[in-house]
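Novice: fold the following.
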Amino acid sequence: MPAVGRDPDKAPQLLQHPAISAATIAFVYAGDLWTVPRQGGDAKRLTAGGGTVSDVAFSPDGAQIAYTGDYDGNVDVYVMPAAGGMARRLTYHPDRDEVVAWTPDGNAVVFRSRRKGVTRVARLFTVGLSGGLATEIALPTAHQASYAPGGERMAYMPLSPVFRAWKRYRGGTTSPIWLVNLASGQVEKVPRANSNDFDPMWIGDKVYFLSDRNGPVTLFAYGTKTRDVAQVLPNDGFDLKSASAGSGAIVYEQFGHLHVFDVASGTARPVSVRINADVPVLRPRHVNVARNIINAAISPSGARAAFEARTEIFTVPAEKGDARDLTNTPGVAERDPSWSPDGKWVAYFSDESGEYALHL
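Specialist: Residues are numbered from 1 along each chain as shown. Sure thing, here's the model as predicted:
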């Protein structure tokens with residue numbers, strides 16, 4: 001989507017994986033790591049090409065940023081100065097190592113990995129800022145986590161999220177949030193009724209988290225002393241996709257935009273982010289779609305096949321002839337082609353109007 005230089009109030013910018021410190025918000029845009037002042041303004045790019053970034057986390061003092069980097073054919077943990085500079089790779093295991101948080105003292109990064117065992121279950125590990133061998137946190141399974149202020153307890157998500165593929169999922173692996181005493185292993189479960197709870201953030205005597213328990217995903221808080229759950233942010237619109245806490249605030253992502261929730265006042269505000277940069281992935285260019293072909297359909301005569309690739313609808317001959325891009329609409333998603341019985345029409349779904357509708 002060509003969002004570079006646009007007014008953030010007029011089009012989604014697809015700003016993702018935000019994190020917040022006392023003065024700065026970090027986020028991912030177009031696969032790179034960016035920062036912007038906490039009050040908003042012009043964004044600064046910290047990484048440039050060569051791979052993709054996700055799972056951003058500020059160190060407790062705000063001086064460093066940890067992130068998951070997909071470089072050189074492997075996914076690992078990286079750390080770089082919050083002001084910009086050379087990134088340091090901390091993990092080298094062939095399995096995926098993905099940033100979760102920092103330890104309270106700021107001396108190590110918490111990450112999840114399936115490096116131990118033969119199942120799809122992830123566990124949490126820590127790695128020091130100079131790299132080296134990782135240390136496992138004594139939890140049988142975990143996906144996300146946040147330390148209590150003293151570091152003796154942790155709020156964590158024991159299961160990997162299934163709801164990212166199935167919205168409002170209510171099956172057997174909905175994701176709870178548990179509180180664990182790291183010394184004794186004693187667990188306290190956040191009350192729920194088969195909802196998807198994720199992104200735990202321990203602030204003071206409350207654990208904030210995102211949940212779809214009341215409809216669209218929004219922000220809730222669990223009182224560790226009162227042991228009750230309350231919705232703290234109304235939401236009758238789009239789901240909140242991710243959230244992260246720091247310095248008395250929570251930054252969250254909703255429909256490609258960033259917002260900051262002030263914990264003391266209980267109010268939220270949008271963050272205006274201006275991105276004026278040359279972003280190569282947004283340039284018009286030719287792309288080989290051979291590895292992106294899905295949803296193929298053979299014509300009734302067998303002479304041609306239709307398929308979806310990069311949200312365009314193509315037809316190709318069975319033997320000789322030219323490939324045809326039937327839609328050729330960058331910025332619009334077309335999906336699921338199907339031939340008419342006489343082979344004269346191709347039906348497909350398009351979101352050109354803002355909602356998916358059937359087109360011919």
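
Novice: for N292, the count of nearby residues, please.
Specialist: For N292, the count of nearby residues is 13 (other CB atoms under 10 Å). For every residue, glycine as well, the C-beta is placed using N, CA and C.

Novice: do I have it right that it meets R310?
Specialist: Yes - with contact defined as CB atoms under 8 Å, N292 counts as touching R310 (5.1 Å).

Novice: next, the buried residues of stretch 342-359.
Specialist: Buried residues in stretch 342-359, counted by 16 or more other CB atoms under 10 Å: 346, 348-350.

Novice: and the chain, what are its domains?
Specialist: Taking automatic domain parsing as the criterion, the chain consists of the domains 16-274, 286-359.

Novice: what's the closest of those domains to P280?
Specialist: For P280, the closest of those is domain 16-274, at 6.8 Å, according to CB to CB.

Novice: just how off-centre is that closest one within its chain?
Specialist: Relative to its parent chain, domain 16-274 has a centroid offset of 9 Å by CA atoms, centre = their mean, to the nearest Å.

Novice: okay, the domains of the chain in TSV with distance to P280 and mean pLDDT next?
Specialist: Listed next are the domains of the chain as TSV, based on distance: least, CB to CB, whole Å; pLDDT from 0 to 100:
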stretch	distance to P280	mean pLDDT
domain 16-274	7	95
domain 286-359	12	92
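
Novice: return the most buried member of those.
Specialist: For these, the largest average neighbour count (mean count of other CB atoms under 10 Å) is found in domain 16-274, namely a mean of 18.

Novice: first-to-last residue distance for that domain?
Specialist: 14 Å (CA to CA, to the nearest Å).

Novice: list the contacts of D199.
Specialist: The contact partners of D199, by CB atoms under 8 Å, 6 or more residues apart in numbering, come to 144, 157, 209-210, 242-244.

Novice: out of those residues, the closest to D42 would be?
Specialist: The closest of the contacts of D199 to D42 turns out to be S244 (CB to CB; 21.4 Å).

Novice: beta partners of the closest one?
Specialist: Counting by DSSP bridges, S244 forms beta bridges with V251.

Novice: so it touches W202, yeah?
Specialist: No - contact between S244 and W202 fails when scored by CB under 8 Å: they sit 12.0 Å apart.

Novice: contacting residues for the closest residue to D76 other than its chain neighbours?
Specialist: Excluding its sequence neighbours, the residue lying closest to D76 (CB to CB, 6 or more residues apart in numbering) is T91, at 4.5 Å. Residues in contact with T91 (CB under 8 Å, 6+ apart) are 76-77, 97, 111, 113, 127, 131, 134.

Novice: so who does D70 touch?
Specialist: With contact set as CB under 8 Å, 6+ apart, D70 has these partners: 51-54.

Novice: check those residues and tell me the two furthest apart.
Specialist: Spatially, the most separated pair among these is G51 and S54, at 10.4 Å (CB to CB).

Novice: pretty sure N235 contacts F220?
Specialist: No - counting by CB under 8 Å, N235 does not reach F220; the two are 10.6 Å apart.

Novice: can I get the contacts of D70 in CSV with distance to P104 and secondary structure?
Specialist: Converted to CSV, the contacts of D70 look like this (distance: CB to CB, whole Å; DSSP: H, G, I helix; E, B strand; the rest coil):
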residue, distance to P104, secondary structure
G51, 29, strand
T52, 29, strand
V53, 24, strand
S54, 23, strand
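
Novice: and which of those is nearest A333?
Specialist: The closest of those, once distances to A333 are taken by CB to CB, is T52, at 20.6 Å.

Novice: that closest one pairs with what?
Specialist: Per DSSP bridges, the residues bridged to T52 are D70.

Novice: between the buried residues of stretch 342-359, which is nearest G256?
Specialist: Proximity of those to G256 (CB to CB) peaks at S350, which lies at 20.2 Å.
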